[in-house]
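Asks: how would this look folded up:
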Amino acid sequence: MAKAKLKRIRKEYEFLAVADLAHRIWREHYAGVISGEQIEYMLEKFQTVPAIKAAEAEGCEYYLVRKLGVNIGYLALQPCYPPGKMFISKLYLLREYRGKGYSRDILSEVADMARSLRLKSIWLTVAKNNLSSIAAYEHLGFHEADTICKEIGGGFVMDDYIMEKTLEG
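Replies: Residues are numbered from 1 along each chain as shown. Predicted coordinates:
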C-alpha cells in the first residue's frame, strides 16, 4: 500500500483545496460530536482561505495529505509551540482513508520533522467526546496530558483533551 505524503501548501489552489477538504471532512466527522451550528461557525472562523492564510502568517504550516497524487486530507503544524514541542493544530482525513494507517504515516513524518528541530514532543487537542479520534491517538502512542476548555466566540467553546507523545531519539 502506498504511503501518505505531505505537501506544504504555497499556491492559491492549494489553499482552496485545504478549505474544500475542511468543509467536506468537518461536516461528516463532527456530526454528533459538536452541534451543526458550531461546525459551521468553526468552518467560517478557522477553515476558510483567508483564515488559513492568517494562520500561516502567524507561523502555522499547512500541508495537503496526498496519496498517489490525490488529496486525502490536510495537516497544520506549529513548530516550537511552546518551545521544545510541536503542536499539531489540524490533522484530518477523508472518511474513506481513515483506519488504513495513513495517520500513522503522517504522524511518523511529523515526529521526524520535530526531531530534526530537536523538539522533545508532539501534541494536539481533541474534543473530549471525539472517542474514535482519542482511541486512534492513544493507539499511536499519545497520552492525555491535560484538558483545556476555551471560548472561541459565537457562544461556543472547545472542550478538549491535550494529548502528547514524547519523542525518542
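Asks: in what helix or strand does the residue most central in space within the chain lie?
Replies: When the chain is reduced to its mean C-alpha position, the nearest residue by CA atoms, centre = their mean turns out to be Lys90, at 1.6 Å. Secondary structure from DSSP states H and E places Lys90 in strand 85-93.
Asks: Which helix or strand lies directly C-terminal to that strand?
Replies: Scanning the chain past strand 85-93 towards its C-terminal end, the next helix or strand to appear is helix 102-116 (assignment: DSSP H and E).
Asks: outside of that following helix, which residues touch it?
Replies: 3-6, 65, 67, 72-73, 75, 77, 79, 85-86, 88, 91, 93, 121-122, 136, 140, 165, 167, 169 (CB atoms under 8 Å, 6 or more residues apart in numbering). Yep, even glycine has a C-beta here, placed from its N, CA and C like the rest.
Asks: Which residue is the nearest non-sequential neighbour of Ile34?
Replies: Ala127 (6.6 Å; CB to CB, 6 or more residues apart in numbering).
Asks: Please report how far the one you found lies from Gln47.
Replies: According to CB to CB, to the nearest Å, Ala127 and Gln47 sit 15 Å apart.
Asks: And Arg27, by the same measure?
Replies: To Gln47, Arg27 is 11 Å away according to CB to CB.
Asks: neighbour-wise, which of those two wins?
Replies: It is Gln47, of Arg27 and Gln47, that has more neighbours when counted by other CB atoms under 10 Å, with 23 against 13.
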